[in-house]
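*Asks:* next one to model:
(2 chains)
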Amino acid sequence: MLKEGKNIWEKLKDSNLYKSIFRHSYEDTTKNRALQVRSNIFLHLHPVSVPEHAFKIRFTWCMGGITFFLFLVEAFTGVFLMFYYHPVPEFAYHDMKYLEFDVPFGIILRNIHRWAAHLMVFTIILHMLRVFLAGSYKPPREFNWVVGVVLIVLTFLLSFTGYLLPWDQLSYWAITVAANMMGAAPFIGHEGPFSVVNKYNDIRFVVLGGTEIGANAILRFYVMHIIVLPAAAIIFMAVHFWRIRKDGGISGPL
Amino acid sequence: MKKQKTYVWPDLVFKEFLMIIVLTIILIIWGLIMNAPLREIAAPGRSENPSKAPWYFAGLQELLVYFDPWIAGVMIPVIIAAGLIIIPYADTNPQGKGGYTFSLRRFAVVNFLFGFLLWWALIFIGYFLRGPNWQLYLPWESWETVKETGNHLRSLSPAVGLVCISFYFGLGILLPPLMSIDLYLLYGSLRYIVVMTLILLMYAVPLKILLRLAFNIRYVLVTPWFNI
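*Replies:* Below is the predicted model of the structure:
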């Protein structure tokens, strides 16, 4: 029996089907270690080998990787939340209550989405600090630092647009504070210095879709939050990761 | 130049996987023991006192005490973002690439850390130490106690303000090259002026806060169009 089973396994590994999926064996050889990274779409973000110091958490702080992972957590939990959320003032708040009391594991879903978002803002700032302190923005990596700053701004905007969605007092008045600041922008805000616009066509109106925070605002924030900003973040992240490789891999002491 | 290299598979991938598991556990436990905040349903007619921005913007909100909204909420974040983007093009010091060093890049590290810590200090004050009417409440003080609002604030006259500001920026930009030429030569004139202007703008923020707290000065410069 045993011998026969082994034969079946070996036969399977010889089959066209198996070989079409798995391109190389799993033996621990130098060649396979390279192929494991090279022939895997997710792992090929990495080089085949990296310098010793790239393994050290005291050098990388792991903050860039953690921030990326938290983005994936946000996308994953966010999709589940979208099944239960209606971006209209009549429903939004009650959907929060629904998630808390009726949806199985709904409150944990929302909690993880919220806390991971806070954590992401925190870790991306720490990532910037470590890149600065390690001098990793110096040539030839100048432009990747710029892409990183764009990603920080996008993270702030993602977190900020999500803040309105629960439609409670906390979110409503936080967005009010921020929207009023926008209305005070020079030139493009109706209350700012050198204003060239009025209440009905300034930057605040564009962001809120009206003069007050209402149904249009919640819809605009929702669309920005679930598609526009994540799509922008994905594009900039792709450039960010690709540039690390193109600019010579992880920075290190010469 | 040969560097010691190690294969990513399995060593680095293993570490990453471990980090993912640890973070997932942390998030699940965090999500189990702490609920995301949810207050009453939004009521446009009934404002929260205090209304607070999300914590990462609480520092900018804190600046509203000292600056008009167009500076605190618009100019300062825009200048910060622009300043951050400029950093790699402004800092031409080739020392300290890819390694932690303080002695080789004192100027860059000191100024960056100052701004970084200022950002966190403002967030801390705005988020944890501000109560009703944005008055200063220490964590153990009850928000029930009513605090007196408003000292009598005064502004500098336009002429004095203009002199003060020109003096601050003029001296800040001219003094370092007069005292030692190093910095100026290192950067080149245009780069030097941009870097010094940004750094002086950064230090102007805590300076204005000090002026307000120590001398009750509301505006340094009053003009018909805007006040600073």
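
*Asks:* stretch A:59-74: which residues count as buried?
*Replies:* For stretch A:59-74, the neighbour count (16 or more other Cβ atoms under 10 Å in any protein chain shown) marks A:59-71, A:73-74 as buried. C-betas here are computed from N, CA, C, even on glycine.

*Asks:* how far does that stretch sit from the chain's center?
*Replies:* Offset of stretch A:59-74 from its chain centre (Cα atoms, centre = their mean, to the nearest Å): 9 Å.

*Asks:* got a list of what residue 202 touches?
*Replies:* Chain wasn't specified; assuming chain A. Residue A:202 is in contact with A:182-183, A:185, A:188-190, A:195, counting by Cβ atoms under 8 Å, 6 or more residues apart in numbering or on different chains.

*Asks:* let's do chain B instead
*Replies:* B:83, B:111, B:114-115, B:118.

*Asks:* try 10 Å this time
*Replies:* B:76, B:79-80, B:83, B:111-112, B:114-115, B:118 (Cβ atoms under 10 Å, 6 or more residues apart in numbering or on different chains).

*Asks:* ok, residue A:232 next?
*Replies:* So residue A:232 contacts A:150-151, A:153-154, A:157-158, A:224 (Cβ under 10 Å, 6+ apart).

*Asks:* return the subset of the residues you listed lying in helices.
*Replies:* A:150-151, A:153-154, A:157-158 (DSSP state H).

*Asks:* quick check, nearest of the contacts of residue B:202 to chain A?
*Replies:* residue B:112 (5.5 Å; Cβ to the nearest Cβ).

*Asks:* ranges for the helices of the chain?
*Replies:* This is for chain A. A:2-14, A:16-21, A:30-38, A:57-60, A:63-82, A:89-101, A:106-133, A:142-164, A:169-183, A:203-208, A:215-223, A:229-246.

*Asks:* can you look at chain B instead?
*Replies:* Under DSSP H, chain B gives helices at B:13-33, B:55-63, B:69, B:76-90, B:106-128, B:158-179, B:182-187, B:189-215.

*Asks:* on that earlier part again, tell me, which of the buried residues of stretch A:59-74 make contact with chain B?
*Replies:* For chain B, the contacts drawn from those by Cβ under 10 Å from any Cβ of the partner chain are A:59, A:62, A:65-66, A:69-70, A:73.

*Asks:* list the residues that contact residue B:200.
*Replies:* Taking Cβ under 10 Å, 6+ apart as the test, what residue B:200 contacts is B:168-169, B:171-173, B:207.

*Asks:* farthest pair in those residues?
*Replies:* B:173 and B:207 (15.5 Å; Cβ to Cβ).

*Asks:* max pairwise distance over the ones in helices among the contacts of residue A:232: which two?
*Replies:* Pairwise distances across the ones in helices among the contacts of residue A:232 (Cβ to Cβ) peak at 12.4 Å, for the pair A:150 and A:158.

*Asks:* list residues touching both of these two?
*Replies:* Common neighbours of residue A:150 and residue A:158 (Cβ under 10 Å, 6+ apart) are A:232-233.

*Asks:* wait, residue A:171 touches residue B:42, no?
*Replies:* Yes: assessed by Cβ atoms under 10 Å, residue A:171 is found in contact with residue B:42 at 7.0 Å.

*Asks:* between these two, which contacts overlap?
*Replies:* With Cβ under 10 Å, 6+ apart, residue A:171 and residue B:42 have common neighbours A:92-93, A:164, A:213, A:218.

*Asks:* those residues: which ones sit near chain B?
*Replies:* Answer for the shared contacts of residue A:171 and residue B:42 near chain B (Cβ under 10 Å from any Cβ): A:92-93, A:164, A:213, A:218.

*Asks:* can you count the residues close to the residue lying closest to residue B:208 once chain neighbours are set aside?
*Replies:* Leaving aside its sequence neighbours, residue B:208 sits nearest to residue B:66 (Cβ to Cβ, 6 or more residues apart in numbering or on different chains; 5.5 Å). When neighbours are defined as other Cβ atoms under 10 Å in any protein chain shown, residue B:66 has 19 of them.

*Asks:* over to the one 10 residues further on?
*Replies:* Neighbourhood size, residue B:76 [other Cβ under 10 Å]: 18.

*Asks:* which non-adjacent residue is nearest the closest residue to chain B within the stretch 51-200 of chain A?
*Replies:* In the stretch 51-200 of chain A, the residue that lies nearest chain B is residue A:181 (2.7 Å; Cβ to the nearest Cβ). With Cβ to Cβ, 6+ apart as the criterion, residue A:181 has its nearest non-adjacent residue at 2.7 Å, and that residue is residue B:73.

*Asks:* surely residue B:145 and residue B:131 touch.
*Replies:* Yes: assessed by Cβ under 10 Å, residue B:145 is found in contact with residue B:131 at 8.9 Å.

*Asks:* need the contact list for the residue of chain B found nearest chain A.
*Replies:* Residue nearest to chain A within chain B: residue B:73 (2.7 Å; Cβ to the nearest Cβ). Listed by Cβ under 10 Å, 6+ apart, the contact set of residue B:73 reads A:177-185, A:189, A:192, B:53, B:57, B:60-61, B:63-64, B:67.
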